[in-house]
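Trainee: Task: produce atomic coordinates for the following.
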Amino acid sequence: MVNFNKGILTLLLCVLYNNCKPTSVDSAKWEPFKIVKIEGMGSKFENKTSTLEFQIEDYMKIYLNKSIDSLVKIHSKDTIILWLKGIAFPNLKVWQFNTDEKSVIFKFERDLNPKSSWNIFYNYSYRRLITGGQTIKVSIGTKSTPIAKSDSNITLILSVSWMIWVGVFLIIVTTILFILGVKKTNLIRGSLNFAPTISVVKIKNLESTQIEVLESEIPYSLSRLQLAWWTYIVIIGFIFIWMCTDDLAFLPTSIALLLGITGGTSVVSKISEALKGNDAIKQITSVKEFEDHYKSKNVFYDIISDENGLSISRIQFAFFSVLFSLYLVWQVIYLLQFPVFSDGILMLMGISSTTYAGIKFSEK
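Mentor: I've put the predicted structure just below:
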């Protein structure tokens, strides 16, 4: 009777704590899930028989030691994800199940969320710019725990060497063209409006009605400099992300809106200058006036001052432009993606540019 009670108690403990060991007949049912084979597939869904190297947009087929039906009975299909380097990747969900082959297929797609698990590879602290790839372990599981692990490794290729060098070349060429455009043309300089009685000449003349104006003497325009700068860093950002990821960057709506704000400010500024050209009061009427109020001193002074001296609206506009553009550069370098600016930042830039444009219309 005592032995019988002990047997009942043991059986109850086994049921409560799920600690019973299966009999030899049902041992296969209790075998843990395991990855027995990995096959590489290209972006065109073609088998890679020679290597297990994967790039973004490639497919991976994973074979399990147990049937897929037994897997989905325990875990929902939508919850099964890929684990790389011991980290869960929630965006890498199963692309396809194959019950007959006991296999699942995943597609490598980068998640652009700033807090994405992909940052373990793309984050500046971890990635290597010129590399053939990173050797990593693969598992499948849920967001909280891995289910099946593999003993073999795969190679994840994030960048190709020739693309790195092409990208560096394009960045250098773009930078040189930008510098030449700034130095050799009036790309970021303003417009001067002279009264009809004043003539612009190329040679110095003692007559007060003639003014020699060199390109280096034309003041820099804040709105044109801002538009040129934002255009330049966005282009460089696209090139840099492409050369490091083999993929064109996703451009958030907020970046497009910022470019629209800077472009609109430049247009308003040009309209203001054109209107001043039709108003004799707002035209340069003497050599002394030109040299005292309009002649360029340096780029920094020109963009934060008008003919009356330092302007708080220009300082504010220039400060926010520099601050947010440097943040964009940092995000591109550090995370290889363009940042998503909040509505508050867009509103701040819009108000700042509107204030600058409004005051520019009132400048004499």
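Trainee: in the stretch 251-364 of the chain, which ranges drop under the pLDDT threshold?
Mentor: Residue ranges of the stretch 251-364 of the chain with pLDDT under 70: 270-294, 307-308, 357, 359-364.
Trainee: where do the helices sit along it?
Mentor: Secondary structure of the stretch 251-364 of the chain (DSSP state H, counting those that start in this stretch): helices at 253-277, 287-289, 299-303, 312-335, 343-362.
Trainee: Minimum distance to Leu92: which of those has it?
Mentor: Leu92 lies closest, by Cβ to Cβ, to one member of the helices of the stretch 251-364 of the chain: helix 312-335, at 18.3 Å. Backbone N, C-alpha and C define where each C-beta goes, glycine included.
Trainee: sorry, back to before: the helices of the stretch 251-364 of the chain: which one's closest to Ser152?
Mentor: The nearest among the helices of the stretch 251-364 of the chain, by Cβ to Cβ, is helix 312-335 at 29.9 Å.
Trainee: Show me what that closest one is packed up against.
Mentor: Packed against helix 312-335 by the contact rule (3 or more Cβ pairs under 8 Å, 6 or more residues apart in numbering; DSSP states H and E) you find helix 222-245, helix 253-277, helix 343-362.
Trainee: How is this structure divided into domains?
Mentor: Domain ranges of the chain: 31-158, 162-362, per automatic domain parsing.
Trainee: can you list those domains in a markdown table and add mean neighbour count?
Mentor: Listed next are the domains of the chain as a markdown table, based on neighbours: other Cβ atoms under 10 Å:
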| stretch | mean neighbour count |
| --- | --- |
| domain 31-158 | 16 |
| domain 162-362 | 16 |
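Trainee: rewinding a little: would you list the helices of the stretch 251-364 of the chain in TSV and tack on distance to Phe121?
Mentor: Compiled in TSV, the helices of the stretch 251-364 of the chain are given as follows (distance: least, Cβ to Cβ, whole Å):
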stretch	distance to Phe121
helix 253-277	23
helix 287-289	60
helix 299-303	39
helix 312-335	11
helix 343-362	28
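Trainee: TSV please, covering the helices and strands packed on helix 312-335 and showing distance to Arg110.
Mentor: As requested, the helices and strands packed on helix 312-335 are exported to TSV (distance: least, Cβ to Cβ, whole Å):
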stretch	distance to Arg110
helix 222-245	7
helix 253-277	18
helix 343-362	25
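Trainee: what residues are up against Leu92?
Mentor: 81-82, 84, 106-109 (Cβ atoms under 8 Å, 6 or more residues apart in numbering).
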